[in-house]
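no sequence for this one, just the structure:
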Ligand code: AMP
Ligand code: ZN
């Protein structure tokens, strides 16, 4: 399959590895939002959250947790964002699921998305469409 992250996992494309185990790999993003921005991927190819198995997702999240702690301690940052762009409309460019870990500091200039309150009744309408239980 012609997948850049599968090639990185196979060692066919170089990467700056942060962590590796049997099921997951973490490596530096080549174009970091902030220095230390790291990507965590399953070694098996899954496009997105709909495709990945619960078992593999749990392993990926365990690696996210490990690497997040290492970024916090190693870089002395106060926190980090974990994001996953799920599908092209959400900004996913590489169709091999990956979690971004972005180190955060006070006054680092990064702004998160703005929120807009619901109109009257809009929350219930939305809820009726997406509620699972
Ligand atoms: P996304 O937009 O969520 O699919 O994120 C893809 C990320 O992969 C971007 O942040 C890119 O900077 C990063 N990226 C692309 N090519 C490479 C590469 N060869 N090594 C490391 N990171 C890469
Ligand atoms: Zn892949």
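Sure thing, it's come through. These numbers come from a predicted model, not from an experiment. Ligands and ions are numbered 1, 2, ... in the order given.

Chain neighbours aside, what residue packs nearest to the residue most central in space within the chain?
Residue closest to the mean C-alpha point of the chain, counted by C-alpha atoms, centre = their mean, is residue 99 at 1.5 Å. Nearest residue to residue 99, sequence neighbours excluded (C-beta to C-beta, 6 or more residues apart in numbering): residue 40, at 4.6 Å. Quick note: C-beta positions are derived from backbone N, CA and C, even for glycine.

host element of that neighbour?
Following DSSP states H and E, the helix or strand that holds residue 40 is strand 38-42.

Now do the buried residues in whatever helix or strand comes next after that strand.
Per DSSP H and E, the first helix or strand lying C-terminal to strand 38-42 is helix 54-75. Residues of helix 54-75 classed as buried by neighbour count (16 or more other C-beta atoms under 10 Å): 56, 59, 60, 63, 64, 66, 67, 68, 70, 71, 72.

For the helix or strand that helix 54-75 is followed by, give the mean pLDDT please.
For helix 54-75, the following helix or strand on the C-terminal side (DSSP H and E) is strand 79-83. What strand 79-83 shows for mean pLDDT is 98.

So which other helices or strands are in contact with strand 79-83?
helix 54-75, strand 99-104 (3 or more C-beta pairs under 8 Å, 6 or more residues apart in numbering; DSSP states H and E).

what separates it from the chain centre, distance-wise?
Chain-centre distance of strand 79-83: 9 Å, with C-alpha atoms, centre = their mean, to the nearest Å.

quick one: buried residues of it?
Using 16+ other C-beta under 10 Å as the test for burial, strand 79-83 gives residue 80.

Hmm, residue 95 is touching residue 47, no?
Yes. In terms of C-beta atoms under 8 Å, residue 95 counts as a neighbour of residue 47; the distance is 4.8 Å.

and the residue in the chain sticking out farthest from the centre, what are its phi and psi?
No residue in the chain has its C-alpha farther from the mean C-alpha position than residue 120, which lies at 33.7 Å (C-alpha atoms, centre = their mean). Dihedral angles of residue 120 (phi, psi; degrees, to the nearest 10) stand at phi -50, psi 120.

hmm, back to that, give the bridge partners for the residue nearest to residue 99, please.
For residue 40, the beta-bridge partners under DSSP bridges are residue 26, residue 99.
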